[in-house]
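Enquirer: Sequence isn't available, so here's the structure alone:
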């Protein structure tokens with residue numbers, strides 16, 4: 001696995017960051033609504049505190065965590081994560097786009113029949129997917 005895992009040291013106070021809305025925060029939202037720009041307000045040893053750019057009355061803590069998210073996850077005390085922090089809006093958008101492309105790829109592969117593709121094309125695809133990030 002060569003997933004970029006961001007660390008607290010990758011951020012600084014005052015930095016504008018991208019936050020992906022997940023869980024309950026993503027309800028009834030789609031596309032660009034799922035990514036917001038936030039501001040880092042404090043950085044500690046274990047947690048980063050950030051606040052939505054358009055709502056300075058709420059702030060959330062984020063922590064490093066080995067999980068399927070590449071960003072820092074909301075500190076929830078065991079509850080579902082609603083927010084994932086990335087160094088920029090662009091990086092949060094790229095992560096979302098990757099997820100969408102993987103879903104599309106899975107759908108295409110599920111519909112694939114032997115007559116739809118040559119063996120050489122299939123070998124090329126399998127080789128590419130067998131060696132990610134090389």
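Expert: Noted; the coordinates are in hand. In this text the structure is predicted, and so the values were computed from the model without any measurement. Residues are numbered from 1 along each chain as shown.
Enquirer: dump the residue contacts of the closest residue to residue 10 other than its chain neighbours.
Expert: Leaving aside its chain neighbours, residue 10 sits nearest to residue 87 (5.9 Å; criterion: CB to CB, 6 or more residues apart in numbering). Every C-beta, even on glycine, is put in place using the N, C-alpha and C of the backbone. Taking CB atoms under 8 Å, 6 or more residues apart in numbering as the criterion, residue 87 is in contact with 6, 10, 11, 15, 17, 18.
Enquirer: Turn those residues into CSV, columns for neighbour count.
Expert: Below are these laid out as CSV (neighbours: other CB atoms under 10 Å):
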residue, neighbour count
6, 20
10, 16
11, 19
15, 16
17, 25
18, 22
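Enquirer: Report the two of the residues you listed separated the most.
Expert: Pairwise distances across the contacts of residue 87 peak at 12.7 Å for 10 and 18 (criterion: CB to CB).
Enquirer: Which residue ranges of this protein form helices?
Expert: With DSSP state H as the criterion, the chain has helices at 89-111, 119-130.
Enquirer: Would you mind getting the angle between the last one and helix 89-111?
Expert: With axes from the mean of the first three to the mean of the last three CA atoms, to 10 degrees applied, the angle from helix 119-130 to helix 89-111 works out at 140 degrees.
Enquirer: and helix 119-130, what other elements does it pack with?
Expert: Other helices and strands packing on helix 119-130, by 3 or more CB pairs under 8 Å, 6 or more residues apart in numbering; DSSP states H and E, are absent; none qualifies.
Enquirer: That's all I had, so thanks and see you.
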